[in-house]
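Student: 3D, please:
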Amino acid sequence: MVLVTIKKFNQAFRTGDVKKIKTMITDSYIHTNGHSKSIDKESWVSYLQNRKTDIDSGHLLVNDYRIDEIEIKIYKVTAIVTARVKVMQTKSGISEENNYRVTNIWVKESGTWKRAGFQDTKIN
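Tutor: Prediction:
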């Protein structure tokens, strides 16, 4: 079920489990944030590795990472998922809370759901 996979993915992101995330995204993965151009899998994994270093060093504390308002539309081997993500974190001693509206594209590869695309927009 794609929802179970999404929850595992988000837990891996919260904790910085780069190894797990790499197995859960497609080779042609595209990641887009509301404040930058799209990046490919290699660039996003590089970002994740830097983020993991910050988490491990205590430079970045992920106080909360939640997903709600989830809507899933499945089209055979493709799922389009929209949701709201709430992030509370402390970086360099500065706490912040942000909310994002996200769209994810998941595809089923060899019976396993993998994230193929991501886009977010910061919301209030």
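Student: So I123 versus K108, what's the distance?
Tutor: 29 Å (Cβ to Cβ, to the nearest Å). C-betas here are computed from N, CA, C, even on glycine.
Student: so where do the strands sit in this structure?
Tutor: 25-32, 39-40, 60-75, 78-91, 94-109, 112-123 (DSSP state E).
Student: Could I get the buried residue list for the fourth one?
Tutor: Taking 16 or more other Cβ atoms under 10 Å as the basis for neighbour counts, the residues of strand 78-91 that come out buried are A79, V81, A83, V85, V87, Q89.
Student: Out of those, which is nearest to T15?
Tutor: Taking Cβ to Cβ as the measure, T15 lies nearest Q89 of the buried residues of strand 78-91, at 12.6 Å.
Student: ok, now which ones touch that closest one?
Tutor: L60, L61, V62, N63, S95, E96 (Cβ atoms under 8 Å, 6 or more residues apart in numbering).
Student: Next, count neighbours for the fifth one.
Tutor: It refers to S95. Counted with other Cβ atoms under 10 Å, the neighbours of S95 add up to 10.
Student: just the last one next, same as before
Tutor: By the other Cβ under 10 Å criterion, the neighbourhood of E96 contains 10 residues.
Student: Is it bridged to anything, and to what?
Tutor: Counting by DSSP bridges, E96 is bridged to Q89.
Student: Contacts only, for Y29.
Tutor: Contact analysis of Y29 by Cβ under 8 Å, 6+ apart lists D40, K41, W44, R115, A116, G117, F118.
Student: and it, how far is that from M88?
Tutor: Distance, Y29 to M88, using Cβ to Cβ: 26 Å.
Student: buried stuff in the longest helix seen in the chain?
Tutor: Identified as the longest helix of the chain according to DSSP state H is helix 41-57. Within helix 41-57, the residues that count as buried by 16+ other Cβ under 10 Å are K41, W44, V45, L48, R51, K52, D54, I55.
Student: Identify, from those residues, the entry nearest to N33.
Tutor: Nearest member of these to N33, counting by Cβ to Cβ, is W44, at 9.9 Å.
Student: Nice, that's everything, thank you.
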